[in-house]
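Visitor: With the sequence up front, the predicted model follows.
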Amino acid sequence: MLKFEMLPPLDAPHHLRKHEWAPYREGVTLEEKHTSSMGTVVDVGLDKNVVVDQALGPGKRVTVAMGTNQNLDYVELRS
């Protein structure tokens, strides 16, 4: 009988963690609607989703410019 061990998770330096800030993050657009804007909610791997100022369909991969003030309430979308 074969036995397999689980590999430890990769600690790749180019994979951002939740607590690490970067000027740009890759994300996926969600179907969820933001209550106070016509923008699109995007999951960028942080504790809180961000809202971009463009209306996009769900399931699209986007690059989000996170800005310099680390304000997660509203950010600019870069294509």
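Guide: Okay, I see it. Numbers count the residues shown, from 1 in each chain.

Visitor: check contacts around the spatially most central residue of the chain.
Guide: Centroid check for the chain by C-alpha atoms, centre = their mean gives Val44 as the closest residue, at 0.6 Å. Contact analysis of Val44 by C-beta atoms under 8 Å, 6 or more residues apart in numbering lists Arg25, Glu26, Gly27, Val50, Val64, Met66. Bear in mind the C-beta positions are built from the backbone N, C-alpha and C, glycine included.

Visitor: And the helix or strand hosting Val51, what does it pack against?
Guide: Element membership for Val51 (DSSP states H and E) is strand 50-52. On a contact count with 3 or more C-beta pairs under 8 Å, 6 or more residues apart in numbering; DSSP states H and E, strand 50-52 meets strand 40-43, strand 61-65.

Visitor: most tightly surrounded among these?
Guide: Comparing the helices and strands packed on strand 50-52 by mean neighbour count (mean count of other C-beta atoms under 10 Å), strand 40-43 ranks first with a mean of 20.

Visitor: Check the offset of that one from the chain's centre.
Guide: Averaged C-alpha coordinates place strand 40-43 at 8 Å from its chain's average position (C-alpha atoms, centre = their mean, to the nearest Å).
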